[in-house]
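Any chance you can model this:
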Amino acid sequence: MRAVKMIYEVSLNVCLFSLLTGWAATAAFPQVNLQGRWSVLPYTTPINPIHAALLNNGKVLIIAGSGNNPPVTNFQAAVWDPRNGNITTQSIGWDMFCNGMVVLPDGRPFVNGGTVQYNPFHGSPNTSVFDPLTSQFTDLPLMSNGRWYPTTTTLPDGNVLTVSGTTLTGTTNTRDEIFSTSTWKWSPAYALGWTPPLYPRLHVLPNGNVFYSGPGYQSRYFFPATHTWSGIIANTNYARKRTYGSSVLLPLSPTNNYKPVVMILGGNTPATSTTELIDLSAATPVWQWGPSMSQPRIEMNAVILPNGKILALGGSGTDENATTASYNADLYDPVSNTFSSAGKNAFPRLYHSLAMLLPDATVWLAGSNPQRGTYDPRMELYEPGYLFDSSGNRAVRPTISNAPAVVNYGQTFTVATPDASNITSVALVRPGAVTHSFDMDQRLINLSYTIGSGSLSLTAPPDANIAPPGYYMLFLLNSSGVPSVATFLQVTAGPDFSITPSPWQRVIVRGQSTSYSFQIVPSGGLQGQVNLSLSGVPAGASASLMNSAPPAGGSSGLNIDTTNLNPPTLPQTYTITVSGSNGTLLRTAPLKLLVNSPGDFSLSASPSAVAITRGGISGKVALTLTPSLGFVGVTKFSVNGLPAKVTGKFNPVSLTSSGTTTLTLTAASGALAGTRTITITGTSGTLVHTTNVMLTVQ
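Numbers count the residues shown, from 1 in each chain. The predicted model follows:
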């Protein structure tokens, strides 16, 4: 079977695209050079492909987490190599189901948020990066709260904005945060001033601001410079939410001064086939109706092709209903503002389906998970019409003989190609990171160029607003509109690096020793060594670097001994900062050291049931903290599960070592009557214990 699992061979010189006939079910169409061709791959995906990101080595990271299957605790990810069909699965440390994902400027996918609870869904505060070189995930510092269904956006400075998602308690997160790739930590959480939908559709504009296009019908801007959101700047014509519709920033081109136009497509149930466009270069942007797709779509996908056209596909007329599946694929042409047919795919592609442009200019289509616990493992491949000539044969493709690995903004650079005289378009396409009907990373920028003898002289995008830093696929298109196989290049402001600790936090008991490792991750062609130093080592602790000057791409570590550490109270958290310098570049990363009390504690409540009267008599519960094995820590208390308009206050709010605190419960006159279980939690560092009380509101 492995011998036939060849989709394409990616090469800078030639694309040896295997003929699919004979080993995959193929849907044949007339005028294949216009509609393209669909095929079913001869193998399936072993995990539910809910999230995917294209790596700069041509492979695809697929993330399922628990895969929309609550009993699953062996959370899964996989790496698929389209060139040979190999799919390698791996277990991951937390549930990345329903995360937000982009790819950092250095090429590592950034996986943000996920699931800590089903029904109702509570969001995870976790974030990880995935290293394509080692195929390993590394956890990052926690966010201020959880996010399930967040949207992440790579900003022009290379930092990552995260917006929305449900919190650790299941409410919508109305604060945004920005992760800094230079300090490796999160910003404070800033209030949005409005309640966003889950998975908001966000696009970085050529002026550096971020545009919110949906799925709600009221559009806004985010201003990174001031960390503020605008009021409503436009309303869509479709006066309902385009839930699980898609949104695309149309190709940016120097020929029209990179005019930003955003297109929204489909959504809602019953679904709409309508589209709308907004020109954000206008003094007063207004949504205008676009052409309709051939079918209504919810749970659809939209993919930018190298020729600037948009492939709209998948979904259904009624959400999660395969009998209403939208099999037609539609091809939108921004120049003519029209749709044409791109044939039909084979299987319903509903909730948790995804589509992505691959480096050989084909489109991968996978997933469908309308019923919890099951998914469609079959995968499809779309070969657009530009890969065929008018006779239905394979078109002769232009080739790239040589290209730089890194280019700086505004730089003129040379790409060698024997087809230089026949090239009519050059495009940079940012690799996709797609989930839930929206690609958080895709973007196309056309480049200006001049033709030389056996080469092209290209001009890189002028700044990071046009092309946020990171890896892009470089495509050359000839006079027939046939694209080359892409080569990856990194667009950057210059050499850079980050320091990635593992783990970011250690938990010990006073007197113990521990260690951290950290990787020096280069970007933009960084050379030389990185000189490391430490700050924030607590008095009484000793710390030593394993290598104070690792090379770019190398690693180091830190050993800490707390034998002589004497914290005033326990638990105690310390932040130790690792700093690295390379020339004028200075980058940092925080290391957390949590020193717990020795021993443990237990928690008991008296009485175990309490009744309170609305607008009247309060109830009191005594919480007793009992230490064991020398426990001397400070324990803080919280209560969960209180009904609306019922409050609880602890006095005192914390205890040291042992003692009793009193929880006073009060119900306002508008509280609902009834009986429920509330949970009281005591926390001391990583030691957490709970006890339950039955609360009756009368």
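
Every contact and neighbour count from this point should use C-alpha atoms.
Fine.

so who does residue 540 touch?
562-566 (CA atoms under 8 Å, 6 or more residues apart in numbering).

quick check, it in a strand?
No - read with DSSP: H, G, I helix; E, B strand; the rest coil, residue 540 is coil and lies in no strand.

what's the spacing between it and residue 566?
7 Å (CA to CA, to the nearest Å).

quick one: which helix or strand includes the residue nearest the centre of the chain?
Computing the C-alpha centroid of the chain and ranking residues by CA atoms, centre = their mean puts residue 101 first, at 1.1 Å. For residue 101, the element it lies in under DSSP states H and E is strand 100-103.

chain center to the helix or strand following that strand: distance?
Next along the chain after strand 100-103, taking DSSP H and E as the criterion, comes strand 109-112. Mean C-alpha position of strand 109-112 versus that of the full chain (CA atoms, centre = their mean, to the nearest Å) differs by 5 Å.

try stretch 579-587
Once both centres are worked out by CA atoms, centre = their mean, stretch 579-587 turns out to sit 28 Å from its chain's centre.

Please apply the same query to stretch 79-96.
16 Å.

got the CA positions of that stretch in PDB?
Extracted in PDB, the C-alpha atoms of stretch 79-96 (Å, rounded to 0.1, in the frame of the first residue of the first chain):
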ATOM      1  CA  VAL A  79       1.900  14.800  10.700                       C
ATOM      2  CA  TRP A  80       0.900  13.900   7.100                       C
ATOM      3  CA  ASP A  81       3.400  13.900   4.300                       C
ATOM      4  CA  PRO A  82       1.400  14.400   1.000                       C
ATOM      5  CA  ARG A  83       4.500  13.400  -1.000                       C
ATOM      6  CA  ASN A  84       4.500   9.800   0.100                       C
ATOM      7  CA  GLY A  85       1.200   9.500   2.000                       C
ATOM      8  CA  ASN A  86       2.900   8.700   5.400                       C
ATOM      9  CA  ILE A  87       0.800   9.800   8.400                       C
ATOM     10  CA  THR A  88       2.500   9.600  11.800                       C
ATOM     11  CA  THR A  89       0.300  10.000  14.900                       C
ATOM     12  CA  GLN A  90       1.400  11.100  18.400                       C
ATOM     13  CA  SER A  91      -0.100  11.700  21.800                       C
ATOM     14  CA  ILE A  92      -0.300  15.200  23.100                       C
ATOM     15  CA  GLY A  93      -0.300  16.500  26.600                       C
ATOM     16  CA  TRP A  94      -3.600  18.300  26.800                       C
ATOM     17  CA  ASP A  95      -6.800  18.500  24.800                       C
ATOM     18  CA  MET A  96      -6.200  20.800  21.800                       C
END
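
Please work out the average pLDDT along it.
Averaging pLDDT along stretch 79-96 yields 98.

Buried ones in that stretch, by neighbour count?
79-83, 85-87, 89, 92, 94-96 (16 or more other CA atoms under 10 Å).

so where's this protein uncertain?
Counting by pLDDT under 70, the chain shows low-confidence ranges at 1-30.

Can you give the domain ranges for it?
Here the domain assignment for the chain is 23-387, 406-492, 496-596, 600-697, based on automatic domain parsing.

Dump those domains to JSON lines, plus distance to residue 400.
What follows is the domains of the chain, written out as JSON lines (distance: least, CA to CA, whole Å):
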{"stretch": "domain 23-387", "distance to residue 400": "12"}
{"stretch": "domain 406-492", "distance to residue 400": "5"}
{"stretch": "domain 496-596", "distance to residue 400": "21"}
{"stretch": "domain 600-697", "distance to residue 400": "55"}
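
And those domains: which comes nearest residue 395?
Among the domains of the chain, the nearest to residue 395 by CA to CA is domain 23-387 (5.3 Å).

helix, strand or coil for residue 323?
Assignment for residue 323 (three-state DSSP): helix.

for residue 273, that is, sorry about that
Three-state assignment for residue 273 (three-state DSSP): coil.

That one - how many residues pack around it?
The tally of other residues near residue 273 (other CA atoms under 10 Å) stands at 18.

Apart from its neighbours in sequence, what residue is nearest it?
In this structure, residue 273 finds its nearest non-sequential neighbour in residue 296, 3.7 Å apart by CA to CA, 6 or more residues apart in numbering.

so who does the closest residue to residue 304 other than its chain neighbours touch?
Closest residue in space to residue 304, ignoring its immediate chain neighbours: residue 310 at 4.7 Å, by CA to CA, 6+ apart. Taking CA under 8 Å, 6+ apart as the criterion, residue 310 is in contact with 302-304, 331-333.

Of the residues you listed, which belong to strands?
Among the contacts of residue 310, the members falling in strands (DSSP state E) are 302-304, 331-333.

CSV for those, including neighbour count and distance to residue 249?
Shown next, in CSV, are the ones in strands among the contacts of residue 310 (neighbours: other CA atoms under 10 Å; distance: CA to CA, whole Å):
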residue, neighbour count, distance to residue 249
302, 28, 11
303, 27, 11
304, 26, 9
331, 26, 15
332, 23, 13
333, 15, 13
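
Let me know the closest of the residues you listed to residue 130.
Nearest to residue 130 out of these is residue 303 (CA to CA; 23.5 Å).
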